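*Asks:* Please find the sequence and the predicted model below.
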Amino acid sequence: MTENSTAQVQDQPVWSRLDFGDNFDWGVATAAYQIEGAHDIADKGASIWDVFTNKKGKVKQNHHGQIACDFFNRYPDDLMLMRELAIPNFRFSLSWSRLIPNGTGKISQHGIDYYNRLIDHCLELGITPWVTLYHWDLPQELEKRGGWPNRDIVSWFSEYAALCANSFGDRVNHWMVLNEPMVFTGAGYFLGVHAPGRRGFGSFIPAVHHTALCQAEGGRILKSILPHAEVGTTISCSHVEPLQQCDKDIKAAHRVDALLNRLFLEPALGLGYPLDDLKFMRRIEKYIKPDDEALLPFDFDFIGIQNYTREVVKYSFWTPFLQANLVPAKKRNVPYTLMNWEVYPEGIYHLLHKFSRYKNIRKLIITENGAAFPDELKDGQVNDQERLNYLQRYLQQVLRAKQEGANVQGYFVWSFLDNFEWAEGYDPRFGLVHVDYETQQRTIKESGLWYRDFLMCRSK
Ligand code: BGC
């Protein structure tokens, strides 16, 4: 933990779960590759993360998700723990290569059986499953055939979406098509810091367009097979501010906002790509076919917003294309987490208002919010006061926005368990539940106990 990330211990909040109303969905979120393990069990195919983590130096300390939290085997106990914590909704993702080992074609009955067991078990315990189709683990066989930059991904993804809807839709009513498209295209195909580790515009730009097409197509497929299901998709977003109130910084912040917050949302809403604000993205037009304009929008039942921090932006002549730099929290003398992300609760308040201003968003659900701090397991306890404060302070801002009219109707903590944090490996811990990766022992943290009490609150 960092010196600057001072824990602002606060008084017990004067608000409770009841202030959010009865129609507010509370839960926790996870993702397949980050928790499941069982990476090569039965006929499971490899995903791009299996391959990426095998390459030396890609992930801190060469960590990988081969075992992770062993959730594949331990889900019955973990779901019991979830019930103990009174958590009513569980967001998890399906592993495409567990269900269709090569990404297209032959289906794995072993994979289908696993998710059937998991879903049935949730329902038996009174936990509602919220399923994400794609949380970054593309089947490696599809990457070999070009991955997201290959337009064939639209038909591969459609086949996968239909399989999921047909296999699990009789019991799953809440679906999310994609997890944070900006992150997996940006980090995976432009910066090369996430799987599959590709770099540059040549991969990124077509990946963006095909991802945006899949986002809408996935929605259409789920809805056509499951007309009564609630179908959403999720977007990573950060409140963006200029470092100084000068023209150059303000314009730079505007560009960063378009890239981080609007690039995938606006095409889904029928507004097209924000190319006026992102001139360097104009080369995307090369990949847009005549009928695509009609294919990009989809009327989602909800938009999942995932927020952790804010970004402060400074104009930079030297940064190609965007001509903007993010000013790190460390340089701004503000509190920050183990991910070096600023703790800025008001950010979620501004975002909820910002997204509420879009006319055709039906409702907002916060499908991820949480923080990594240097937890210590001592005498069978984890006293993670900083995480607890973080969650309370962000929730307070969610409530404030809601009371002012923002149409937010749910909140999911990232994450239920400590897990594999992508390029950062296992060091940053985000869980409400501590995981000892040697023994797979689970310990509920103070934040988890607080969330339980908060969720169990029945009267003021
Ligand atoms: C992702 C998660 C990730 C979390 C913390 C989100 O971007 O959806 O998979 O672990 O943030 O970095």
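*Replies:* That came through, no problem. Numbers count the residues shown, from 1 in each chain.
*Asks:* alpha carbons only for contacts and neighbour counts from here, please
*Replies:* Fine.
*Asks:* quick one, what contacts residue 215?
*Replies:* Contacts for residue 215 (CA atoms under 8 Å, 6 or more residues apart in numbering) come out as 177, 178, 233, 268, 296.
*Asks:* out of these, who's nearest residue 439?
*Replies:* Among these, residue 178 lies closest to residue 439 (CA to CA), at 32.4 Å.
*Asks:* so what's the closest one up against?
*Replies:* Counting by CA under 8 Å, 6+ apart, residue 178 touches 132, 133, 134, 135, 215, 233, 234.
*Asks:* mind checking how far the residue nearest to the fourth one when sequence neighbours are not counted is from residue 30?
*Replies:* The shortest distance from residue 135 to any residue that is not its chain neighbour, by CA to CA, 6 or more residues apart in numbering, is 5.0 Å, and that residue is residue 179. Distance, residue 179 to residue 30, using CA to CA, to the nearest Å: 11 Å.
*Asks:* One more: residue 95?
*Replies:* From residue 95 to residue 30 the distance is 12 Å (CA to CA).
*Asks:* so where's this structure shaky on pLDDT?
*Replies:* In the predicted model of the chain, residues 1-11, 459-460 satisfy pLDDT under 70.
*Asks:* Apply 80 and report the result again.
*Replies:* For the chain, the stretches with pLDDT under 80 are 1-12, 458-460.
*Asks:* show me the contacts for the spatially most central residue of it.
*Replies:* Centroid-nearest residue in the chain, with CA atoms, centre = their mean: residue 179, separated by 4.8 Å. By CA under 8 Å, 6+ apart, residue 179 lies in contact with 132, 134, 135, 136, 233, 234, 235.
*Asks:* Roughly how far does it sit from residue 384?
*Replies:* Applying CA to CA, the value for residue 179 to residue 384 is 27 Å.
*Asks:* next one: the helix or strand containing residue 82 to chain centre, how far?
*Replies:* Assigned by DSSP states H and E, residue 82 belongs to helix 71-84. Offset of helix 71-84 from its chain centre (CA atoms, centre = their mean, to the nearest Å): 21 Å.
*Asks:* what angle separates the next helix or strand after that helix from helix 71-84?
*Replies:* Under the assignment DSSP H and E, the closest C-terminal helix or strand after helix 71-84 is strand 89-93. Strand 89-93 runs at 160 degrees relative to helix 71-84, counting by axes from the mean of the first three to the mean of the last three CA atoms, to 10 degrees.
*Asks:* could you say what helices and strands strand 89-93 packs with?
*Replies:* strand 25-29, strand 128-134 (3 or more CA pairs under 8 Å, 6 or more residues apart in numbering; DSSP states H and E).
*Asks:* Make JSON lines out of those strands and add distance to residue 79 and mean neighbour count.
*Replies:* Listed next are those as JSON lines, based on distance: least, CA to CA, whole Å; neighbours: other CA atoms under 10 Å:
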{"stretch": "strand 25-29", "distance to residue 79": "11", "mean neighbour count": "23"}
{"stretch": "strand 128-134", "distance to residue 79": "11", "mean neighbour count": "24"}
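*Asks:* Any buried residues in the biggest helix by length in the chain, and which?
*Replies:* Taking DSSP state H as the criterion, the chain has its longest helix at helix 201-225. For helix 201-225, burial by neighbour count (16 or more other CA atoms under 10 Å) applies to 201, 203-223.
*Asks:* same question, stretch 226-243
*Replies:* Across stretch 226-243, burial judged by 16+ other CA under 10 Å covers 226, 229-243.
*Asks:* Can you get me the start-to-end distance on that stretch?
*Replies:* The first residue of stretch 226-243 is 46 Å away from its last residue (CA to CA).
*Asks:* so how far is that stretch from its chain's centroid?
*Replies:* 9 Å.
*Asks:* can you check stretch 393-402 too?
*Replies:* Taking mean C-alpha positions (CA atoms, centre = their mean), stretch 393-402 and its chain are 19 Å apart.
*Asks:* Just the CA trace of that stretch, in CSV.
*Replies:* Provided in CSV are the C-alpha atoms of stretch 393-402 (Å, rounded to 0.1, in the frame of the first residue of the first chain):
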residue,chain,number,x,y,z
ARG,A,393,-18.0,6.2,-0.1
TYR,A,394,-18.7,5.1,-3.7
LEU,A,395,-22.1,3.7,-2.7
GLN,A,396,-22.9,7.0,-1.0
GLN,A,397,-22.3,8.7,-4.3
VAL,A,398,-24.4,6.2,-6.2
LEU,A,399,-27.2,6.9,-3.8
ARG,A,400,-26.7,10.6,-4.2
ALA,A,401,-27.0,10.3,-8.0
LYS,A,402,-30.0,8.0,-7.7
